[in-house]
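structure for the following, please:
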Amino acid sequence: MVNQIGQGDLARMFLMQKTNFDVKAEVTRLAQELSTGRKADVAAAVGGDFAPITSIETTLARNASYKTTGTEAASLAAVMQNAYQTISTLIEESSGNMLNAGQATQASVIETAAADTAAKLAPVLAALNTTFGSRSVFSGVAVDGPAVADAETFMASLTATTAGATDVASLTTALDAWFAPGGGFETDVYLGSTTPLAPIDIGLGVKANLQQTAFDGELRDALKGIALANLIDNDVLTGNTEARAELVRIAGETMLRGETGLTTLQARLGTVEGLIEETGVARDTETSALTLARAEILEVDPYETASRLTAAQTQLETIYAITARMQSLSLVNYL
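Purely as a prediction, here's the structure:
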């Protein structure tokens with residue numbers, strides 16, 4: 001007698017093979033979703049309409065770019081603010097001394113005050129040459145080099161310009177002309193560009209204006225008092241104690257005005273810093289909301305996915321066992 005495998009057996013075998021294929025595909029899909037955290041079939045997740053998820057992804061990418069530029073702008077502003085504070089502190093230390101010395105009649109008091117203030121020139125110029133990364137902060141678009149020359153170059157140019165002055169009026173006139181646009185400060189000392197940096201995009205339609213340079217009028221005014229102290233320290237109008245006392249007084253008053261100008265610059269920069277912070281908060285809030293919205297559309301529940309994966313793996317193992325049992329009932333075992 002010959003045993004036969006009927007059509008029902010073949011049908012069951014083919015059904016088991018199809019079920020095995022489907023469950024293996026399910027295991028592969030669930031394993032991928034568990035490892036990536038995202039649904040494998042995006043088209044099904046969005047119901048065939050990709051517009052909302054595309055809009056979310058585009059906005060998130062744009063916000064990520066703005067976060068980078070916003071962070072850079074905040075750091076640059078902080079560096080500039082620190083430089084302003086350094087200069088302000090240096091000037092504040094000397095302005096009172098110069099005003100007091102301006103009331104004195106002793107040459108030694110005048111000389112001591114002038115020398116003390118003159119020593120502030122180098123650190124003030126160093127503050128104006130502050131860099132952020134490899135870029136000069138106060139050089140405008142000429143970021144590859146220093147904003148200002150060194151103290152020696154500064155004084156060489158200023159001394160040459162004021163060499164013919166014989167009294168307080170002619171000296172202060174020459175000093176004002178040297179600091180004016182087109183004067184020696186611009187041609188010999190300021191090494192940057194008069195073209196400021198372009199505003200930095202930190203949000204959609206929002207820009208951070210960090211365009212300050214070492215040629216700004218407020219900074220030149222702050223430097224003017226120190227420059228005058230250096231001229232006094234270099235024996236300008238020597239022998240005329242009364243005139244030198246007046247110059248010391250003028251230097252002190254000029255530095256007081258310089259402090260006011262620096263305060264204005266710091267306040268202006270503080271406004272930009274506030275804008276950067278507010279824009280960053282709004283951007284981060286939007287990013288969080290969009291990330292949650294994207295998660296609801298595309299991301300999977302890891303616990304649910306892990307449970308389904310375990311169930312599918314168990315089902316696959318069962319199919320393997322049944323298939324192996326069915327294969328053991330092959331024609332060979334009946335011959």
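
CA atoms for contacts and neighbours, from now on please.
Will do.

in this protein, which residue is most central in space?
residue 72 (1.0 Å; C-alpha atoms, centre = their mean).

so how far is residue 210 from that residue?
11 Å (C-alpha to C-alpha, to the nearest Å).

do residue 79 as well
Distance from residue 79 to residue 210, by C-alpha to C-alpha: 11 Å.

which one of those two has more residues nearby?
Neighbour count, other C-alpha atoms under 10 Å: between residue 79 and residue 210, residue 210 has more, with 23 against 17.

any idea how far the closest residue to the more buried one other than its chain neighbours lies from residue 209?
Spatially, and ignoring its direct neighbours in sequence, residue 210 is nearest to residue 199 (6.4 Å; C-alpha to C-alpha, 6 or more residues apart in numbering). Distance, residue 199 to residue 209, using C-alpha to C-alpha: 5 Å.

what of residue 232?
38 Å.

same check on residue 297?
Counting by C-alpha to C-alpha, the gap from residue 297 to residue 209 is 38 Å.

of the two, who's got more company?
The neighbour comparison of residue 297 against residue 209 (other C-alpha under 10 Å) goes to residue 209, with 21 against 17.

re the thing from before, okay, now the residue nearest to residue 210: neighbour count?
Using other C-alpha under 10 Å, residue 199 has 13 neighbouring residues.

test my guess that it contacts residue 206.
No: the criterion here is C-alpha atoms under 8 Å, and residue 199 misses it with residue 206 at 9.4 Å.

now do the same contact list for residue 88.
Each residue near residue 88 by C-alpha atoms under 8 Å, 6 or more residues apart in numbering is listed here: 259, 262.

revised request: answer the last question for residue 203.
Contact analysis of residue 203 by C-alpha under 8 Å, 6+ apart lists 63, 66, 70, 279, 283.

count of neighbours near the last one?
Neighbourhood size, residue 283 [other C-alpha under 10 Å]: 22.

distance of it relative to residue 147?
34 Å.

that older thread, tell me how far the residue nearest to the centre of the chain lies from residue 78.
Counting by C-alpha to C-alpha, the gap from residue 72 to residue 78 is 10 Å.

quick one: the strands in this structure?
Taking DSSP state E as the criterion, the chain carries its strands at 131-132, 135-136, 200-203, 206-208.

what is the last one packed up against?
In other words, strand 206-208. With contacts defined as 3 or more C-alpha pairs under 8 Å, 6 or more residues apart in numbering; DSSP states H and E, strand 206-208 has these neighbours: strand 200-203, helix 241-298.
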